[in-house]
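**Student:** A structural model of the following input is requested.
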Amino acid sequence: MSKLIAKEYKCFEDIKHIRSDGTEFWYARELAVALDYTKWENFQKVIKRAMIACENSGRIVEYEFPEVRKIVSAGATTKKITDYELSRYACYLIVQNGDPRKEVIALGQTYFAIQTYRQEVADRFNELDEDSRRLIVRGDIRQWNQLLAETARNCGVITNEEFAIFQNAGYMGLYGGMTVDDIHRKKELEIGQKILDYMGSTELIANLFRISQTEEKLRKDGIDNSSDATAVHYSVGKEVRKAIEEIGGTMPEDLPTPEKSIAQIEKEQLQRLKQKAANGQLMLDE
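**Tutor:** Next comes the predicted model:
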């Protein structure tokens, strides 16, 4: 994610700390500097307002704003000072209660709002079973693929042959040189079965990242010909593969192929909804 953080948000990302258990936090005194508060006393007032908002939202203040004591040197003497290990949500409440005249406060509001929303989505996603995760990500891919196709067309990928080469390049980058046909054979699929419909959620997410980042890069770089667009798709796929490798993840071609297709899962889900409707539990428009 670090490469994808906008430059204007980097000041918040740079002061983020990670505990041994993987949870993240921000020190209040470091956040105060990032938000252009020169006096700690003034920033403490903002923290207090944020704590009130936290309590009113039903969350535990001590969990979101744990107080810590630090020993700092002041010349030849040392003294204890108060600080806070702020959760992402605590930071969000702080910037919401900060001085709106500060430009950096607006940046902070956007940054922490986005990060908080992403975490909430991730938490809900993690509570789902595998089939439900696959359905959600496959739906996102359908939308992003449509957007990518439009952007690629605007970049000069016009003919069916050019688009087939363009699409193949993205898979080759992500799958270590394997073409669409290679992946199809490895998954032992029949003619007409789509490889995206026979991917687990982890493999789908890798492809969603490839697709969305390619679309963004094509727009940002102002690509105007099919050859360059194809090269971009391949390089983005390769970068996603590199990221998976760096974190010790399983390469997409080595992930298991689910027994059920997305179409099968959707059919089963629709049947359940129809059954509920038949039992009077749900109104379903046929």
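**Student:** for the protein, what spans make up the helices?
**Tutor:** Along the chain, the stretches classed as helices by DSSP state H are 10-14, 28-34, 40-56, 61-64, 88-96, 103-126, 130-154, 160-174, 180-186, 201-221, 226-246, 262-278.
**Student:** so how far is the fifth one from its chain's centroid?
**Tutor:** With Cα atoms, centre = their mean, to the nearest Å as the basis, the distance from the averaged C-alpha position of helix 88-96 to the chain average is 19 Å.
**Student:** what's it packed up against?
**Tutor:** Helices and strands touching helix 88-96, by 3 or more Cβ pairs under 8 Å, 6 or more residues apart in numbering; DSSP states H and E, are strand 24-27, helix 28-34, helix 40-56, helix 61-64, helix 103-126. Quick note: C-beta positions are derived from backbone N, CA and C, even for glycine.
**Student:** what about the stretch 101-250 of the chain, any weak spots by pLDDT?
**Tutor:** Residues of the stretch 101-250 of the chain that meet the criterion pLDDT under 70 lie in 118.
**Student:** one step back: can you put the helices and strands packed on helix 88-96 in CSV and add distance to Lys70 and mean neighbour count?
**Tutor:** Output for the helices and strands packed on helix 88-96, formatted as CSV (distance: least, Cβ to Cβ, whole Å; neighbours: other Cβ atoms under 10 Å):
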stretch, distance to Lys70, mean neighbour count
strand 24-27, 9, 18
helix 28-34, 8, 19
helix 40-56, 12, 16
helix 61-64, 18, 15
helix 103-126, 23, 15
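**Student:** so how far is Ile15 from Gln213?
**Tutor:** For Gln213, the distance to Ile15 under the criterion Cβ to Cβ, to the nearest Å works out to 26 Å.
**Student:** higher neighbour count, the two?
**Tutor:** A side-by-side neighbour count of Gln213 and Ile15, using other Cβ atoms under 10 Å, places Gln213 first with 19 against 14.
**Student:** relative to Ser261, which of the helices and strands packed on helix 88-96 is closest?
**Tutor:** When those are compared for distance to Ser261 using Cβ to Cβ, the nearest one is helix 103-126, at 20.8 Å.
**Student:** identify all contacting residues around the closest one.
**Tutor:** 8-9, 11-12, 34-36, 88-89, 91-92, 94-96, 98-100, 133, 136 (Cβ atoms under 8 Å, 6 or more residues apart in numbering).
**Student:** and Ile165, how many neighbours?
**Tutor:** Applying other Cβ under 10 Å, we find 16 other residues in the vicinity of Ile165.
**Student:** list the residues that contact the residue lying closest to it once chain neighbours are set aside.
**Tutor:** Leaving aside its chain neighbours, Ile165 sits nearest to Thr230 (5.8 Å; criterion: Cβ to Cβ, 6 or more residues apart in numbering). Neighbouring residues of Thr230 by Cβ under 8 Å, 6+ apart: Val157, Glu162, Ile165, Phe166, Ala169.
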